[in-house]
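*Asks:* show me how the following folds:
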Amino acid sequence: MQINSILVAKKNSIYVYGLESLKLTQRSKVTLETDKSGHEKCTCSCTAFKVVNHCIHTKICGPILINKEWAEVYSVGRTSTELMSGQVGCIVYREKKTEPVLLPPIDSASHAFEVIEAIKGDTFDGDFISPTGSWLRLKNEVESAFNRGLTLTNTEITEVFMSESDDEEEAPVEAKRKKVVSDPEIPVPAWSSLKRPDDFWVDKDVWESLLWCGSNGDNALLLGPTGAGKTELCYRVNKALGTGIEPFNFGASQEARSMLIGNTHFNAEKGTFFKPSRFVTAIQERDGTILLDELTRCRDYSALNMILTLMDGQRYVALDEAEEAGVVYRGDMVAFMATANVGYEYTGTEAVDRALKDRFALKINLDYPPDNEEYAILLKRYPKVPKTFAKKLVDTARDQRNLAKEGEYEESISTRMMLDCCKCVCGGLNTKAAVSMTILGCFSQEGGAESQRFKLVQLIQKRASELV
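*Replies:* So this is what the prediction gives:
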């Protein structure tokens, strides 16, 4: 059986959608208004449909609008049904006649293209009909396919929203339809399959952000408390990517300028000559990561101004000390990762300059792992540590950190402290000595009974007195 068009009933009108295969080619609106010839109006622009001064659409749909009823329900038989907004029918060609028929209420799981194919193949049966069915899915899929210029089998159509109002009038067919532009597909990056380490906790978004940075030669700044794993995370990311990493620790360098640029030397035979630094050599590699560790501990912070052009779109550094003053360019896939402690409790540090911070595409704030993850890390790194001991350490650290956020402590128990403590215990040191040397030793004794260490001892005694 042939289907020429799909019909969608609206308020005082019927929309006729031309059908070729499963593509809706045009839409015409038939109304009860009459034209100059006294015929019902149709917005059809195809003169091939004109028959005896009026189009085939008005000839077929006019009686439905005038009588306010359909003469036949497909597969049910010739029975009059009241015309209502939202109903869906079709124009079929059978027994050498072109006739409009109303489709029965369709099961909500059936798609428009399935119904059309079943009618064409004479396989439409009761499986498509449901006492609780409706025309809503058919109407929405037909309208969505036409508006988007897609076939009825397209997944964007078959997943169309099901709760649109069936009373909403369509815009006039003469109105210019908006061209739907699909978003370009973003290819799946190679790093997306790299799993997070099981003995080190890192948030999924942070892990993927740093993988992206390392794979694209960009810049990332990691901020957070000491002992949270910032530096180790940078090494873990580069190990996963299989790229090299060159570390430059600003806390251990007295001369930041020399570390970044190089030094001028004197030789009796050669005279004065300039030797570029390890940093200058590293940035010229094709890929890899430059680790700017403890960035806020740079003693000559103005020296960092020299690398500003290296970290933006210019990607070069000037070697003014060289005999042939020139520039060195950063490798296309060389990434920069920097770590920094920010806060009043970190003496000897400087705030990150706004101009420098702005050159890091990623600004990542890290914190200590959640309790359960931190506990798992301790057991993973040191399987022989007593579980009850590890649990008490984590619980104590959680309470102390919460108090530190409220201002009771100047410092917090870090993950690094607890790992060191577990290492000592697994090595044979008794638990009290391990806690005292690895954790309590990091807190000041100044102030006697009001000191940071005394307060921490009291806190530990409340939770696990055997540890102190």
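*Asks:* got the buried residues for the helix or strand harbouring residue 458?
*Replies:* Using DSSP states H and E, residue 458 maps to helix 452-464. For helix 452-464, a neighbour-count test (16 or more other Cβ atoms under 10 Å) marks 452, 453, 454, 455, 456, 457, 459, 460, 464 as buried. For the C-beta atoms, the positions are set from N, CA and C on the backbone; glycine is no exception.
*Asks:* give the rounded mean pLDDT of it.
*Replies:* For helix 452-464, mean pLDDT is 90.
*Asks:* repeat for stretch 147-158
*Replies:* 80.
*Asks:* how far away from the center of its chain is the helix holding residue 458?
*Replies:* 43 Å (Cα atoms, centre = their mean, to the nearest Å).
*Asks:* kindly format the C-alpha coordinates of that helix as PDB.
*Replies:* Taking C-alpha atoms only, helix 452-464 is exported to PDB below (Å, rounded to 0.1, in the frame of the first residue of the first chain):
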ATOM      1  CA  GLN A 452      49.500  23.400  68.900                       C
ATOM      2  CA  ARG A 453      51.200  20.100  69.900                       C
ATOM      3  CA  PHE A 454      49.500  20.000  73.300                       C
ATOM      4  CA  LYS A 455      46.100  20.600  71.800                       C
ATOM      5  CA  LEU A 456      46.700  17.800  69.300                       C
ATOM      6  CA  VAL A 457      47.800  15.400  72.000                       C
ATOM      7  CA  GLN A 458      44.500  16.100  73.800                       C
ATOM      8  CA  LEU A 459      42.600  15.400  70.700                       C
ATOM      9  CA  ILE A 460      44.400  12.100  70.100                       C
ATOM     10  CA  GLN A 461      43.800  11.000  73.700                       C
ATOM     11  CA  LYS A 462      40.100  11.400  73.300                       C
ATOM     12  CA  ARG A 463      40.000   9.200  70.200                       C
ATOM     13  CA  ALA A 464      42.900   6.800  70.800                       C
END
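*Asks:* touching it from outside, list them.
*Replies:* 392, 395-396, 399-400, 403, 408-411, 435, 439-440, 443-448, 467-468 (Cβ atoms under 8 Å, 6 or more residues apart in numbering).
*Asks:* repeat that with 6 Å
*Replies:* 392, 396, 400, 409, 440, 443, 444, 445, 467, 468 (Cβ atoms under 6 Å, 6 or more residues apart in numbering).
*Asks:* and these, which is closest to residue 139?
*Replies:* Proximity of those to residue 139 (Cβ to Cβ) peaks at residue 400, which lies at 62.5 Å.
*Asks:* for the strand or helix carrying the closest one, packing partners?
*Replies:* Remark: residue 400 resides in helix 387-405, with elements defined by DSSP H and E. The contact analysis (3 or more Cβ pairs under 6 Å, 6 or more residues apart in numbering; DSSP states H and E) places helix 387-405 against helix 371-381, helix 452-464.
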